[in-house]
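Visitor: Okay, predicted coordinates and the sequence, questions at the end:
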Amino acid sequence: MELQAIQNKIYEIRGMKVMLDRDLAEIYGVETRTLNQSIKRNIERFPDDFMFQLTNEEVDNWKSQIVISNSIKMGLRRNPYVFTELGVAMLSSILNTKIAIQINISIMRAFVAIRQLTTNLPQNEFNKLQQEVKELKEYIEEAFADYNDINEDTRTQLELINLSLAELQAKRIGNQSRPRTGYIK
C-alpha cells in the first residue's frame with residue numbers, strides 16, 4: 001500500500017498518533033469485526049498504551065476531522081478502537097499472514113515518517129520561520145510605534161508573537177541539548 005495513503009489514516013487523538021480499527025481492517029483486507037475478534041482473543045497483548053476505545057466526544061472530534069456528512073452514527077454500533085504505533089506493531093503477532101506482515105511494515109514506515117516530520121524540522125527552515133516571526137513583530141511595532149494607541153486585538157497579536165518567538169527559542173535549545181539515540185561505538 002502507498003505510504004501517503006497510510007499516512008492519511010493516521011490521526012492525532014489524546015496527543016498520540018493512532019489508527020482506527022476500521023482503517024486497519026480495510027488495509028489488512030479483513031472485516032472490522034474479524035480484526036476486533038482477533039484482538040479480543042489476545043487482549044492481554046494490548047494494554048491501554050497500545051489500544052483504547054474512543055469516547056463519544058473523541059468520535060465527534062474525529063468525525064469533524066474527516067468531515068463526515070452523516071453525523072448520526074456512520075453505521076457504527078459502538079465507538080471504534082484506536083491503535084498506537086505499538087499496538088499496530090503488536091497486530092503483526094496476531095495477524096500472522098504474509099500480507100499482514102507486509103502491510104505492517106508499510107504502516108510502521110508511515111508512523112516513522114510522520115514522527116520525523118514533526119520532530120526534525122531542518123535547521124534552515126527553523127531559522128527562516130524564526131526570522132519571519134521577528135520581521136512580523138518588527139513590522140507591527142513600527143506600524144504602531146506608540147503602544148498605547150493600538151487596540152486590544154493588535155496588543156494581543158503582539159503578545160502571541162512574543163510567545164511564539166519564546167517557544168521557537170525553547171524548541172531550538174531543546175533540540176540542541178537532546179542526546180543522540182542509537183548505538184555508541
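Guide: Looks like it came in fine.
Visitor: pLDDT weak spots in the chain?
Guide: Along the chain, segments meeting pLDDT under 70 span 1, 64-76, 96, 118-124, 126, 140-141, 143-155, 157-158, 168-185.
Visitor: mind listing the strands for it?
Guide: 10-13, 16-20, 51-53, 81-84 (DSSP state E).
Visitor: which of these is buried the deepest?
Guide: A comparison of the strands of the chain by mean neighbour count, using mean count of other C-beta atoms under 10 Å, puts strand 81-84 on top with a mean of 22. For every residue, glycine as well, the C-beta is placed using N, CA and C.
Visitor: packing partners for it?
Guide: Identification of packing neighbours for strand 81-84 by 3 or more C-beta pairs under 8 Å, 6 or more residues apart in numbering; DSSP states H and E yields strand 16-20, helix 21-28, strand 51-53.
Visitor: Name the residues of the second one that are buried.
Guide: Pointing back at helix 21-28 there. Of all the residues in helix 21-28, those buried under the rule 16 or more other C-beta atoms under 10 Å are 21, 22, 23, 24, 25, 27, 28.
Visitor: For those residues, give me CSV that also has distance to residue 134.
Guide: Compiled in CSV, the buried residues of helix 21-28 are given as follows (distance: C-beta to C-beta, whole Å):
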residue, distance to residue 134
21, 46
22, 45
23, 41
24, 44
25, 48
27, 44
28, 48
